[in-house]
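Trainee: Sequence first, then the predicted structure:
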Amino acid sequence: MTLKEETDPPAQNSHLFTLRLWLEDLGSGKTDWRGKVQHVNSGEARYFRDWSTLESFLEGLLRPEHEP
C-alpha cells in the first residue's frame, strides 16, 4: 500500500472545495476580507463576507440528507 492510498479517503465519502479570499478596498483606508467557496462535486458556490456564512454553507453541504 502506498502513502497516498493510506491517507486519501474513498471518493464517495469525500468533498472537494475551492476557496478564494481577497482583500477588498472599502475606501477611506479601510479594507475587508471577502471570499468565495465552491463545492467542486456539485458546482454550488457561495460568496461570503464573514466566517459564519462560510461555515453555514459548508455544514449544509456536509449534512447526510444532502448526499446523493
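Mentor: Right, received. Where do you want to start?

Trainee: how about the strands in the protein?
Mentor: Here the chain has its strands, by DSSP state E, at 17-27, 30-39, 45-48.

Trainee: List the contacts of the shortest one.
Mentor: Looking back up the chat, that one is strand 45-48. Arg34, Gly35, Lys36, Val37, Gln38, His39, Thr53, Leu54, Phe57 (C-beta atoms under 8 Å, 6 or more residues apart in numbering). The way it works is simple: take the backbone N, C-alpha and C, and place the C-beta from them, glycine included.

Trainee: Poorly predicted segments of this structure, please.
Mentor: Filtered on pLDDT under 70, the chain yields the residue ranges 1-12, 65-68.

Trainee: can you point me to the longest helix in it?
Mentor: helix 51-62 (DSSP state H).

Trainee: Check which residues of it are buried.
Mentor: For helix 51-62, burial by neighbour count (16 or more other C-beta atoms under 10 Å) applies to Leu54, Phe57, Leu61.

Trainee: and the residue lying closest to the first one once chain neighbours are set aside, how many neighbours?
Mentor: Distances taken as C-beta to C-beta, 6 or more residues apart in numbering put Phe48 closest to Leu54, at 4.8 Å, once the chain neighbours are dropped. The local packing count at Phe48 equals 18, with neighbours defined by other C-beta atoms under 10 Å.

Trainee: Same check on Val37?
Mentor: Residues within reach of Val37, counting by other C-beta under 10 Å, total 19.
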